[in-house]
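A.B. asks: Fold the following, please.
(one chain, ligands or ions: 1)
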Amino acid sequence: MAEIIFREVEPDEVKIFVRKFGKYIEYYNCFHFGEDCYSLAAYDGSEPVGFISIYTKALIPPLADKTDAYIDAIEVDTYYQRRGIASKMIELSEHWAKERGYRQIRAWSSDDKIKAINMWYALGYCLCPATEGFRPHDSNPPIGYYVAKILSP
Ligand SMILES: CC(C)(COP(=O)(O)OP(=O)(O)OC[C@H]1O[C@@H](n2cnc3c(N)ncnc32)[C@H](O)[C@@H]1OP(=O)(O)O)[C@@H](O)C(=O)NCCC(=O)NCCS
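C.D. replies: The predicted structure is shown next:
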């Protein structure tokens, strides 16, 4: 295996990730672009083997002057798992968020994502059991964990 390279994803590259990782990427609009967003991928040569995408937003009033970075999606190709690729992408994302003054970084994993939940815990994220709140009209919302880590200044 060649050395894994990490670099930001351009909007016109999303279709490559859809082909490789699945249509859910398009369906859930997993890649975020723009000034306050960060989309990064891991490559083995020209082959994408993992990605992470983050957007940022203000907390709910009365804390609307506070913001956090939200990891909307992260996946690593099965063949490349357990080689530290997700850890590196998360480390680079934390660095990106911290440099921009974000105080915390957050994600959410459903309770069937045991690998991911183990990973968040191993990387120093705390786990909060929660019903996922992005789909308030869903009569059967998925159960999982919000995970969060403080980004010390
Ligand atoms: C979760 C996922 C991103 C981890 O990617 P990865 O590159 O294999 O992760 P890393 O190699 O950086 O692992 C870091 C640590 O997390 C923990 N971990 C990762 N995968 C694990 C597993 N299958 N079982 C137990 N612990 C695991 C370990 O502590 C690991 O450190 P170690 O290998 O030194 O023991 C990957 O398994 C994946 O893409 N899963 C499917 C998609 C998914 O669940 N995405 C997250 C949804 S929020």
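A.B. asks: What residues does residue 43 make contact with?
C.D. replies: By C-beta atoms under 8 Å, 6 or more residues apart in numbering, the contact set of residue 43 is 4-7, 49. For the C-beta atoms, the positions are set from N, CA and C on the backbone; glycine is no exception.
A.B. asks: Next secondary structure after the host helix or strand of it?
C.D. replies: Secondary-structure element containing residue 43, defined by DSSP states H and E: strand 37-44. Per DSSP H and E, the first helix or strand lying C-terminal to strand 37-44 is strand 47-58.
A.B. asks: which helices and strands sit right next to that next one?
C.D. replies: helix 14-21, strand 37-44, strand 67-76, helix 85-99 (3 or more C-beta pairs under 8 Å, 6 or more residues apart in numbering; DSSP states H and E).
A.B. asks: by contact count, what packs against the lowest-mean-pLDDT helix or strand in the chain?
C.D. replies: Lowest on mean pLDDT, DSSP states H and E among the helices and strands of the chain sits strand 126-131, with a mean of 86. In terms of contacts (3+ C-beta pairs under 8 Å, 6+ apart), strand 126-131 is packed against helix 114-122, strand 143-150.
A.B. asks: now that strand against helix 114-122, angle please.
C.D. replies: Taking axes from the mean of the first three to the mean of the last three C-alpha atoms, to 10 degrees, strand 126-131 and helix 114-122 form an angle of 140 degrees between their directions.
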